[in-house]
Each structure stands twice: as structure tokens, then as C-alpha cells.
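Novice: Sequence and computational prediction follow.
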Amino acid sequence: MSDSIFQTCSPYALTDNLFSRIGRDWMLITAAKPDGSWNTMTASWGTAGILWNKPVAICFVRPQRYTDEFIRQSDRLTLSFFGPEMHDALKLCGTKSGREIDKAAETGLSPLTLPSGSVTFAQANLVLDCRRLYADILRRESFLDPAIFSHYPESDFHHVYVCEIETCYTK
């Protein structure tokens, strides 16, 4: 990775509205397997805050998503955010599977390997480089509001990943 592409910053220095960045602008969740292969997917559900005295991001991935296989085989992942000019690329990454297409080739995204070994993209304007701390799956019996079940007509409850944000990269 070229040092001139991104500047590092502390998660505590971020001024972005993560509600908008995640929920409206979307993000790419990317993980690499030990063999160096990687996959990415678009997400619009997630959160960030402080847990266990650490800055964390919490992301949610359905078990059938190809990216989930990569996340489970890695202790790291990135959350990458982009400007509006990349919306079509993110839309494709959210509707097509990496099992069937080369997402970088199809979208023009340029993958970069960070010093940690995590993968992100040159077009990102904010990257959270994360280490997984906790993994679980949402459980039907734990929901207090049954209306939420409408999000799970196939009972494919999300895997939940709590990740320490170790480094932020900005442009």
C-alpha cells in the first residue's frame, strides 16, 4: 500500500456521521483467507462505539453470504466507506456473489493490502481496519420484538462480529 494514498488516524479522531455512512452510503465488509484470497460485500447494517474499553465496530453478516466464509477464516476484516461516485459499485457488491464474479474486475475497485494484511480498496475514503474479538449468531429466542422476524423469513439470522478498530485510514 502506498503511504501517499491514506493517512492513519485514531478512531477517536473520526468526525464522520457513522449513522449516515453505514445506513445511507453503505460500506464494504472485506476479509481475506490465510491463502490471500479475499471477498467483499456491501452492508448497510452495523454500528460502532466503545465496548470492553476498546473502540469497536459491530457488523452483521448473513450465514449464506460468501464473505462470511472469509470472515470466519480470518481474525481481521475491514469496513470501507466511499463517496457517492462509487454507489453503483457498492450496489453490485451487494447483489452479486464473489462465488460467481470477480467483484474487483466488474466494479473497477482496486484492492489494496494494508500493513496488517487486511484488504481494502484504493477508492475508499475511510477504512476501519479491524481485529475480530467476538462472534455469535442472532437467536430467535433472544428477540424481544417479534416484528423483527419480518427481516428473517428464512430464519437466516445474521452472524454478529464485534471487532476492535485498530487503525483508521482516511484521505
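Specialist: Done, it's in. Numbers count the residues shown, from 1 in each chain.
Novice: Ser150 belongs to a helix, doesn't it?
Specialist: Yes - counting by DSSP: H, G, I helix; E, B strand; the rest coil, Ser150 is located in a helix.
Novice: What is the burial count for it?
Specialist: Using other CB atoms under 10 Å, Ser150 has 7 neighbouring residues. (C-beta placed from N, C-alpha, C; glycine too.)
Novice: Same question for stretch 156-169: list its buried residues.
Specialist: Under the neighbour-count criterion of 16 or more other CB atoms under 10 Å, stretch 156-169 has 157-159, 161-169 buried.
Novice: got it, and stretch 142-152?
Specialist: For stretch 142-152, it's none, nothing buried (16+ other CB under 10 Å).
Novice: same question, stretch 16-30
Specialist: Buried residues in stretch 16-30, counted by 16+ other CB under 10 Å: 18, 21-22, 25-30.
Novice: host element of the residue sitting nearest the centre point of the chain?
Specialist: Central residue check for the chain by CA atoms, centre = their mean: the C-alpha nearest the mean position is that of Ile29, 2.2 Å away. For Ile29, the host element (DSSP states H and E) is strand 27-32.
Novice: elements contacting that strand?
Specialist: strand 38-43, helix 66-72, strand 76-81, strand 119-121 (3 or more CB pairs under 8 Å, 6 or more residues apart in numbering; DSSP states H and E).
Novice: Sheet-wise, list the partners of it with their directions.
Specialist: Partners of strand 27-32 in the sheet, by DSSP bridges, are strand 38-43 (antiparallel), strand 76-81 (antiparallel).
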